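Asker: coordinates only, no sequence provided:
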Ligand code: SF4
């Protein structure tokens, strides 16, 4: 999971990009970077949060030009080194700079092909390099003296045939303009916006509408699965659409459940509204299990809307019973198990008066390893809860994500290895309730979604060797990660 932002306008864009990236910080905290284009590329990137990479005016002063890209990175492929931070750039043809969100699933074959057919050495383990070199190789085949917009879109079309997996991409083509495209299934988000300025129209692409709100951009629409948009340096907008997959796309359901910020608009709907619906849908599971909680609480903060929806549907109070320290990292995406446990304790403090003597339904967005959930159950019991029902707004996660979400290794995913009763015993909860996958699909019936981490039905071809390589990559990253300081999001 990463966050992207690209702006092309009649004014220097660096400050807008840095500001906008802070609104995407929840999508990645491993690294941040910006590239702008004037007569050449100007780039600054490094490990850590946006605020630590760009902490003084000095850091953005050299980022000249009216067109640029920004990226916040959460490493799902490659290492967490600053070396692997995005954007990436290559000087031929024209000069190309690129940012990407997702995960290329045929990286080994692609790397080999780039080497043997195009004589390019892939230097990093970041899959954006593969996409960048593939696009460069396709553009190279065109008449570079008279490159047309059709040539650019034809290059994207060929790239679609070669690059498998999930990718939302924004590219600068020096002297030409800005190109944005999504994979044929539209797995990761990418939106298009504009802003009228006194000097003319400015255009932007981003992962989430949250940064458009900050920057006063109007959300025009999302790019469709397989769609590309090219904006010339003169501000002409050109669009092209690849034929989509049979099911019309496979947008990541987890964006609604957890990844996206609740104030984001995705697939034309407010993320918070979808979370309330998911919470309401859980009520029948509580009733069927014969449970009668006194209160519903959330595990802050991505489960808030699901918890409030469940409370409304059950007709019992919702209370905030766990106070969150926002200056500690997301436990989902931090390093080792020991670090994770320490962070949970630092992060959540129970409010005894709300909890003591009550039967508590504690709603979280999902249960991945179960270790955070177990700790929360313990906190609630220590604070005097008479019974604790742990409720997951997501169905049991049974399979690895290969499209850019580094949840855990298969061995660590608790529901992939234990029954629901075994999970209840492990969590030391009085009950464990999961969302039904059918209910989730019903909630998102208007969205052509990917549900592969619940169902195992991947929307693209994913050979077993690919799963093994991705698993090995995850082990490597886990051994590399270091804890971070103040983060924007939380769970
Ligand atoms: S496998 Fe799960 S997390 Fe990955 S893209 Fe599909 S729904 Fe999203």
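Answerer: Looks like it came in fine. Since this is a predicted model, take the numbers as computed values, not measurements.
Asker: does residue 272 touch residue 305 like I think?
Answerer: Yes - counting by CB atoms under 8 Å, residue 305 is a contact partner of residue 272 at 4.8 Å. Placement of C-beta: from N, CA and C, glycine included.
Asker: between these two, who's got more neighbours?
Answerer: residue 305 (24 against 19; other CB atoms under 10 Å).
Asker: who's in contact with the nearest residue to that one once chain neighbours are set aside?
Answerer: Using CB to CB, 6 or more residues apart in numbering and skipping residues adjacent in sequence, the residue nearest residue 305 is residue 275, 3.5 Å away. Listed by CB atoms under 8 Å, 6 or more residues apart in numbering, the contact set of residue 275 reads 256, 257, 262, 302, 303, 304, 305, 306, 309, 365, 393.
Asker: state the pair within these that is farthest apart.
Answerer: 256 and 304 (14.1 Å; CB to CB).
Asker: stretch 88-105 spans what distance, first to last residue?
Answerer: 19 Å (CA to CA, to the nearest Å).
Asker: report the buried residues of it.
Answerer: By neighbour count on 16 or more other CB atoms under 10 Å, the buried set for stretch 88-105 is 88-90, 93-105.
Asker: got it, and stretch 143-157?
Answerer: Buried, per 16+ other CB under 10 Å, within stretch 143-157: 147, 149, 152, 153, 154, 155, 156, 157.
Asker: low-confidence ranges in the stretch 51-200 of the chain?
Answerer: Scanning the stretch 51-200 of the chain for pLDDT under 70 picks out 76-81.
Asker: which residues are common contacts for residue 272 and residue 305?
Answerer: With CB under 8 Å, 6+ apart as the test, residue 272 and residue 305 both reach residue 262.
Asker: buried sites along stretch 312-325?
Answerer: So stretch 312-325, judged by 16+ other CB under 10 Å, has buried residues 313, 314, 316, 318, 319, 321, 322, 324.
Asker: flag every residue of the stretch 101-250 of the chain that's near the ligand.
Answerer: By the rule CB under 6 Å from any ligand atom, the part of the stretch 101-250 of the chain lying against the ligand is residue 187.
Asker: where exactly do the helices run in the stretch 101-250 of the chain?
Answerer: Counting by DSSP state H, counting those that start in this stretch, one finds helices in the stretch 101-250 of the chain at the ranges 107-118, 127-140, 149-162, 210-215.
Asker: is residue 50 in contact with residue 72, as I believe?
Answerer: Yes - between residue 50 and residue 72 a contact is recorded at 6.4 Å, counting by CB under 8 Å.
Asker: any chance of the contacts of residue 275 in a markdown table, plus secondary structure, pLDDT and distance to the ligand?
Answerer: Below are the contacts of residue 275 laid out as a markdown table (DSSP: H, G, I helix; E, B strand; the rest coil; pLDDT from 0 to 100; distance: CB to the nearest ligand atom, whole Å):
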| residue | secondary structure | pLDDT | distance to the ligand |
| --- | --- | --- | --- |
| 256 | helix | 95 | 9 |
| 257 | helix | 95 | 8 |
| 262 | coil | 96 | 17 |
| 302 | coil | 89 | 14 |
| 303 | coil | 96 | 17 |
| 304 | helix | 96 | 21 |
| 305 | helix | 97 | 19 |
| 306 | helix | 98 | 17 |
| 309 | helix | 98 | 20 |
| 365 | coil | 96 | 12 |
| 393 | coil | 98 | 14 |
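Asker: considering those residues, which possesses the most neighbours?
Answerer: Busiest of the contacts of residue 275 [other CB under 10 Å] is residue 306, holding 32 neighbours.
Asker: give the contact list for that residue.
Answerer: 275, 276, 278, 279, 282, 298, 363, 365, 393 are the contacts of residue 306 under CB under 8 Å, 6+ apart.
Asker: what about the fourth one, neighbour count?
Answerer: So the one you mean is residue 279. Residue 279 has 28 nearby residues by other CB under 10 Å.
Asker: leaving out sequence neighbours, find the closest residue to it.
Answerer: Nearest one to residue 279, counting by CB to CB, 6+ apart, is residue 309 at 2.8 Å.
Asker: quick one: that neighbour and residue 440, what's the gap?
Answerer: Taking CB to CB, to the nearest Å as the measure, residue 309 falls 13 Å from residue 440.
Asker: kindly report the same for residue 385.
Answerer: In terms of CB to CB, residue 385 sits 27 Å off from residue 440.
Asker: which residue of those two possesses the greater neighbour count?
Answerer: residue 385 (27 against 23).
Asker: residue of the stretch 151-300 of the chain nearest the ligand, please.
Answerer: residue 252 (3.2 Å; CB to the nearest ligand atom).
Asker: that residue and residue 403 touch, don't they?
Answerer: Yes - judged on CB under 8 Å, residue 252 makes contact with residue 403 at a distance of 6.7 Å.
Asker: now the common contact residues for those two.
Answerer: Joint contacts of residue 252 and residue 403 (CB under 8 Å, 6+ apart) are 166, 187, 188, 450.
Asker: dump the residue contacts of the third one.
Answerer: Contact partners of residue 188, counting by CB under 8 Å, 6+ apart, are 101, 102, 166, 167, 168, 182, 207, 252, 255, 403, 404.
Asker: try it again at 7 Å.
Answerer: Shown in contact with residue 188 (CB atoms under 7 Å, 6 or more residues apart in numbering): 101, 102, 166, 168, 252, 404.
Asker: my reading is that residue 432 lies in a helix. Confirm?
Answerer: No - counting by DSSP: H, G, I helix; E, B strand; the rest coil, residue 432 is not found in a helix; it is strand.
Asker: what's the per-residue pLDDT of it here?
Answerer: Looking at residue 432, its pLDDT reads 98.
Asker: what number of residues lie near it?
Answerer: Neighbours of residue 432 (other CB under 10 Å): 25.
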